[in-house]
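**Student:** Turn this into a model:
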Amino acid sequence: MHDPLPTSSRKFVLLAILWGVGLSLWVSRGFLLLPEGQIHANHEAETYVYRLVEFRECLARGQWSPQWCPDFRGGLGGPYFSYYQPGFFYAASVIPWGVSPIVAIGLTIGLFSLLGYCGTWQLLRSRFGQLGGVLGGSMLLLSVYTGTELYIRGDLSQYAAMMTLPVLLWALLGFMEHGRRPHAAVLAVGGAALVCLHPCVALVGYAALGLATLGLGWSTRDIRRTGGAIGLLGLGGGMAAFYWLPVAMEWNLVAGPRAFEGFYHYSNHFVEPHQLLGSYDRETLIPFTVGPIVPVLLVINTIVMLVRWNTSTPSQRRVLACSLGMIGFGLLVMSSVSTPLWDHVSLLQRLQFPWRLFSLLTVAAAIGCGAVVAQRPSRPAIGIAVALLGLMLFLSGDYTQPNASRSYAKFDHAAQMADATYFAPDLADEWVPRGAAARWKSAPPSRPIMTVGMRAKGYHRDHDRLTCEVTATEAASLLLPHYYFPVGWTARLADRPIALHAGTGGLMRIDLPAGAEGRLVVSFAMTPMRRYGWMISAVCAVLAMVILVRWRG
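**Tutor:** Residues are numbered from 1 along each chain as shown. Got it, this is the predicted structure:
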């Protein structure tokens, strides 16, 4: 295959990357151009801003692996980051903290967008030339679902995970074909990152990558590399154990099932294939369409591949086969035809919404659009590609158009959030401690509640501890205005351990005998499962490094 574009030209590579930077800024502009205190209306609204404020505060207080969020729900707290994926917030926290949260979020979106573009571009350009690489990367960022994720759903963690998938597919294909150490390293580290960014996309992505590995293994007939790829993906999952182990082992401590009941039950969210060919309607809850260009380009590229089968390379055929296979997998699993599968596979039900398969579908479709097989791409063909990109850019103006902005309260410190608003980060109250009251008829308590025979003064809520001076003239109970959680929290009175219990509304209750007095300190530390998870992560990281050092290709 001869490419009239200067494939090896540093100038063209630079132009391709600059084009990717421009597209990344284009799709993230709605966040970068907003002043602090303003956010465009979407399903998540200001929740990511407040989550980032709390996450930064945890890091600032020395909690390098955040779990408990003391400033959520009006100061009642909650184990939010024990369960919610931390990857996006770690990435956003790398941005200097002097930058406002909304701009930091916008920059993070832009960087993940560029990652997705470069991953797709690199995957395609080595097999289909610069034209295919730029076309595929552009199709990813200009897709309908990119705009839906950012400006309708606002699920930025899922978007970041989706942008990581092309890098993993590039690493998998490269490893299976060449067995090189850089591909192996990206496969392991990228797998860990994917899990920490969004476990639902990771579940879908790992399933697709596993199937792709088996297919590529059959194609290459290389059992060693097939086993190596599976092992590296497994080690990647193991390196993320610090996140998923507490979720798995402490699931019964929160009201997690609420996220999968009623409206949120998977049976209400299947998407049929014909819906993908419908027109774009921004007023719907989620626009289930891929737009007019992607299906046509996919069909054309598939037909051209079949016609030129003998002149195409095995690597080109593998890429398009992976693309079409992932599309077929996505279409099957998110349609109602797969209902029996959803009914019987409990892990699949954790996806919550079958249409989450759009994350995989969008990436696979973009790769298929860039799989342009041509013996000698002519200038007219290049002109057609430029015209397609221009049309996609024009259409994406609607997909990525921010909704009207709304105001949110600005906080210099997370503690101000607890005093100013009752911020609940979860729509279904799924991350509230099990048995705790998620909704209060009146304002939740902000001061300790005492029974007869007790006095408490000087109550203070710090980021990881609650303190006050107590005196009990007779046996009495003290109810602290903070949720009880059976792991992580410990209490000491006058520097002696004392038991914590769940009280009214799921708040912390401490029972004191007559004559007890002194300084009460209730503090939070890393939960046992998070600690064990970090141990597993460390072991898997060491194993991955040993394998990478000893790998001979």
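
**Student:** Kindly export the helix or strand hosting Val299 (C-alpha atoms) in CSV.
**Tutor:** According to DSSP states H and E, Val299 maps onto helix 293-307. Coordinates of each C-alpha in helix 293-307 appear next as CSV, following Å, rounded to 0.1, in the frame of the first residue of the first chain:
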residue,chain,number,x,y,z
ILE,A,293,-22.1,9.3,8.4
VAL,A,294,-20.7,6.5,10.6
PRO,A,295,-22.9,3.6,9.3
VAL,A,296,-22.3,4.5,5.6
LEU,A,297,-18.6,4.7,6.1
LEU,A,298,-18.5,1.4,8.0
VAL,A,299,-20.4,-0.3,5.2
ILE,A,300,-18.1,1.2,2.5
ASN,A,301,-14.9,0.2,4.3
THR,A,302,-16.2,-3.4,4.9
ILE,A,303,-17.1,-3.8,1.2
VAL,A,304,-13.8,-2.4,0.1
MET,A,305,-12.0,-4.8,2.4
LEU,A,306,-13.8,-7.7,1.0
VAL,A,307,-13.2,-6.7,-2.6
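
**Student:** Need the residues that contact that helix.
**Tutor:** With contacts defined as C-beta atoms under 8 Å, 6 or more residues apart in numbering, helix 293-307 is touched by 139, 143, 276-277, 312, 316-317, 320, 324, 327, 365-366, 368-369, 371-374, 388, 391-392, 395. C-betas here are computed from N, CA, C, even on glycine.

**Student:** and the helix or strand following that helix, what does it pack onto?
**Tutor:** Counting by DSSP H and E, the next helix or strand C-terminal to helix 293-307 is helix 314-333. Helix 314-333 is packed against helix 101-141, helix 156-178, helix 199-220, helix 293-307, helix 358-370, with contacts defined by 3 or more C-beta pairs under 8 Å, 6 or more residues apart in numbering; DSSP states H and E.

**Student:** one step back: report the buried members of the contacts of helix 293-307.
**Tutor:** 139, 143, 276, 312, 316-317, 320, 324, 327, 365-366, 368-369, 371-374, 388, 392, 395 (16 or more other C-beta atoms under 10 Å).

**Student:** Give the residue spans of this protein that score low on pLDDT.
**Tutor:** Counting by pLDDT under 70, the chain has low-confidence residues at 1-8, 374-378, 553.

**Student:** and stretch 283-291, how far apart are its ends?
**Tutor:** 15 Å (C-alpha to C-alpha, to the nearest Å).

**Student:** Show me which positions of it end up buried.
**Tutor:** Neighbour-count burial for stretch 283-291 flags 286-291 (criterion: 16+ other C-beta under 10 Å).

**Student:** quick one: contacts of it?
**Tutor:** 143-145, 148, 152-153, 271, 275-281, 355, 361-362, 365, 392, 395, 399.

**Student:** Nearest residue to the residue of the chain most remote from its centre in space, please, no chain neighbours.
**Tutor:** Centroid-distance maximum for the chain: Thr473 at 51.8 Å, with C-alpha atoms, centre = their mean. The spatially closest residue to Thr473, leaving aside those adjacent along the chain, is Gly453, at 5.1 Å (C-beta to C-beta, 6 or more residues apart in numbering).

**Student:** rewinding a little: what sits against the residue farthest from the centre of the chain?
**Tutor:** Contact partners of Thr473, counting by C-beta under 8 Å, 6+ apart, are 453-455, 514-515.

**Student:** All the strands of the chain, residue numbers only.
**Tutor:** Secondary structure of the chain by DSSP state E: the strands cover 38-40, 405-407, 449-450, 454-461, 465-472, 476-483, 489-493, 496-498, 501-502, 507-512, 517-524.

**Student:** I would like the residues contacting the first one, please.
**Tutor:** Looking back up the chat, that one is strand 38-40. With contact meaning C-beta under 8 Å, 6+ apart, strand 38-40 is reached by 30, 34, 45-46, 49, 102, 151, 402-408.

**Student:** quick one: buried residues of that strand?
**Tutor:** Buried residues in strand 38-40, counted by 16+ other C-beta under 10 Å: 39-40.

**Student:** Same question for the fourth one.
**Tutor:** Neighbour-count burial for strand 454-461 flags 454, 456, 459, 461 (criterion: 16+ other C-beta under 10 Å).
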